[in-house]
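1. Give the three-dimensional model of this entry:
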Amino acid sequence: MSSKEMPRPKPGVMDIAAYVPGRETVEGVAKVYKLSSNESPFGPSPKVAEALAAKKIDLALYPDGASHELREAIAKTYGLNPGNILCGNGSDELLGLLCHTYLGPGDEGLFTEHGFLVYKIQIMAAGATPVAVPDVELTADVDAILAAVTEKTKLVFLANPNNPTGTYLPVNEVRRLHAGLPGHVILVLDAAYAEYVRRNDYEAGIELVSGNPNVVMTRTFSKIHGLAGLRIGWMYAHEAIIDACNRVRGPFNVNALAIAAGVAAIADRAHVDRAIEHNDVWLGRISEAVEAMGLSVTPSVGNFVLIHFPTTPGKTAADADAYLGSRGFVLRRVAGYGLPDALRLTIGDEEANLGVLDALESFMA
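-> Residues are numbered from 1 along each chain as shown. Predicted coordinates for the structure are as follows:
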């Protein structure tokens, strides 16, 4: 073999823009408030630590490859059939499983213009063509999505609520979208932030999945349940989709600690309610305070707000990011989502929220 020859990834892999997570540290700053990844300020339920201590998990043994106990706990909580549930190493893995199961060269996967970056990454990783559909006022446009569907379309991804905009589609619009799709196209409803939504016209997708064989709902324990570090996700779908994805997934994709933690977390409704109540108070309070500073905020139903900055030198999103970071407040740059003039702010605990508002007010002065 020539010394100049090197292994090459398959075509298209090097065209993928790698996912870059939110920052965690700032050089030279001792105390950092991480408000960049939409994590819960309350962390996991205290019952998680209790369950892990009591379980005495033998780490030398493989976990239950089918996550039976966790699927049963999820099914009990939502009144579902565990046979229609598949657990994964975060919902990211499940999104990838759907792409690798249903997409290949010549196929297309659709997602909204400012949708979660993982959709495009996984579509391309499967060798298919990603198709971004324009939003209207940073909100998914059902008519535009349906107009973009072709005979090559196999998957349509809809984050509802959407990250990083915080906007959502009401259930009647989601149902209209599904009704307009051909039967062979799967509508994937990514409901990672569903628990935070306090709108009467919102549904996470359970009802739509229950009545149709071409709808999938994905959920996560990383947000409201405060278990981002253990990577637990689940999806609800027709048994045929579950069967197909089970043939592709790794045999032990959810670890034993995650299974036990997930079972304990989903049973602690009081902990979830506490997180919801905190978010309800601070989502409105932060949005109003930021707008009072002369900045624009996209109305959000998640646990974060998207703040838009002017292009005036010294007051841009990049300037704000540097200023806030120097004071220990790390927000999320969202230029990769096509929003170079905005920052996404996670709702943190009271100390973090008050601190970042003070820092932002100083920046805008």
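2. low-confidence ranges in the chain?
-> Within the chain, the segments meeting pLDDT under 70 span 1-3.
3. can I see the domain layout of it?
-> For the chain, automatic domain parsing gives the domain ranges 13-43+270-364, 46-268.
4. Just the helices from the stretch 51-200 of the chain, written as ranges.
-> 68-78, 90-102, 117-125, 142-148, 171-179 (DSSP state H, counting those that start in this stretch).
5. tell me which residues of the first one are tucked away?
-> Read that as helix 68-78. Along helix 68-78, the positions that meet the burial threshold by neighbour count (16 or more other CB atoms under 10 Å) are 70-71, 73-75. Where you see a C-beta, it was placed from the backbone N, CA and C, and this is true even at glycine.
6. Can you tell me which of the helices of the stretch 51-200 of the chain is most buried?
-> Ranked by mean neighbour count, the helices of the stretch 51-200 of the chain are led by helix 90-102 with a mean of 24 (mean count of other CB atoms under 10 Å).
7. by how many degrees do that one and helix 117-125 diverge?
-> 30 degrees (axes from the mean of the first three to the mean of the last three CA atoms, to 10 degrees).
8. ok, and what's touching helix 90-102?
-> Applying CB atoms under 8 Å, 6 or more residues apart in numbering, the contact partners of helix 90-102 are 86, 88, 109, 118-119, 122-123, 125-126, 128, 154-155, 157, 186, 188, 190, 192, 216, 218-220, 222, 231-235, 241, 244-245, 247-249, 253.
9. of those residues, buried ones?
-> 86, 88, 109, 118-119, 122-123, 125-126, 128, 154-155, 157, 186, 188, 190, 192, 216, 218-220, 222, 231-235, 241, 245, 249, 253.
10. Next step: those residues restricted to strands.
-> Per DSSP state E, strands hold the following members of those: 86, 88, 109, 154-155, 157, 186, 188, 190, 216, 218-220, 233-235.
11. From Ala148, how far off is Lys4?
-> Lys4 sits 43 Å away from Ala148, taking CB to CB, to the nearest Å as the criterion.
12. try Pro44
-> Distance from Pro44 to Ala148, by CB to CB: 39 Å.
13. still on that earlier bit, can you put the buried residues of helix 68-78 in TSV and add distance to Val26?
-> Output for these, formatted as TSV (distance: CB to CB, whole Å):
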residue	distance to Val26
Leu70	36
Arg71	40
Ala73	38
Ile74	37
Ala75	43
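14. Return the member of those nearest to Val142.
-> Minimum distance to Val142 across these is 28.9 Å, recorded for Ile74 (CB to CB).
15. need the contact list for that closest one.
-> Residues in contact with Ile74, defined by CB under 8 Å, 6+ apart, are 80, 82, 85, 87, 234, 262, 266.
16. ok, which pair from the residues you listed is furthest apart?
-> Largest pairwise distance in the contacts of Ile74, by CB to CB, is 14.8 Å, between Leu80 and Gly262.
17. Gly104: neighbour count?
-> 12 (other CB atoms under 10 Å).
18. Could you check how far the most centrally placed residue in the chain is from Arg175?
-> By CA atoms, centre = their mean, the chain has its centre lying nearest to Ala192, at 4.8 Å. Distance, Ala192 to Arg175, using CB to CB: 20 Å.
19. List phi and psi for Glu361.
-> Backbone geometry at Glu361, expressed as degrees, to the nearest 10, gives phi -60, psi -40.
20. and the closest residue to it other than its chain neighbours, how far is that from Leu35?
-> Once flanking residues are discounted, Glu361 sits nearest to Met293: 5.8 Å by CB to CB, 6 or more residues apart in numbering. Distance, Met293 to Leu35, by CB to CB: 17 Å.
21. Equivalent analysis for Asp64, please.
-> For Asp64 relative to Leu35 (CB to CB), the value is 36 Å.
22. So if I had to pick from these two, which one is more boxed in?
-> Leu35 (25 against 15).
23. which residues in the stretch 251-365 of the chain form helices?
-> 256-267, 269-292, 317-326, 350-364.
24. then the second one to PDB, C-alphas only?
-> Output in PDB follows, covering the C-alpha atoms of helix 269-292 (Å, rounded to 0.1, in the frame of the first residue of the first chain):
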ATOM      1  CA  ARG A 269     -44.600  13.200  39.600                       C
ATOM      2  CA  ALA A 270     -44.000  15.700  42.400                       C
ATOM      3  CA  HIS A 271     -40.500  16.400  41.200                       C
ATOM      4  CA  VAL A 272     -41.800  16.900  37.600                       C
ATOM      5  CA  ASP A 273     -44.500  19.300  38.800                       C
ATOM      6  CA  ARG A 274     -42.000  21.300  40.800                       C
ATOM      7  CA  ALA A 275     -39.900  21.800  37.600                       C
ATOM      8  CA  ILE A 276     -43.000  22.800  35.600                       C
ATOM      9  CA  GLU A 277     -44.100  25.300  38.200                       C
ATOM     10  CA  HIS A 278     -40.600  26.900  38.300                       C
ATOM     11  CA  ASN A 279     -40.500  27.100  34.600                       C
ATOM     12  CA  ASP A 280     -44.000  28.700  34.300                       C
ATOM     13  CA  VAL A 281     -42.900  31.500  36.600                       C
ATOM     14  CA  TRP A 282     -39.500  32.200  35.200                       C
ATOM     15  CA  LEU A 283     -40.300  31.700  31.500                       C
ATOM     16  CA  GLY A 284     -42.700  34.700  31.600                       C
ATOM     17  CA  ARG A 285     -40.500  36.700  34.000                       C
ATOM     18  CA  ILE A 286     -37.400  36.400  32.000                       C
ATOM     19  CA  SER A 287     -39.200  37.100  28.700                       C
ATOM     20  CA  GLU A 288     -40.800  40.300  30.000                       C
ATOM     21  CA  ALA A 289     -37.500  41.500  31.600                       C
ATOM     22  CA  VAL A 290     -35.500  40.900  28.400                       C
ATOM     23  CA  GLU A 291     -38.100  42.700  26.300                       C
ATOM     24  CA  ALA A 292     -38.100  45.600  28.700                       C
END
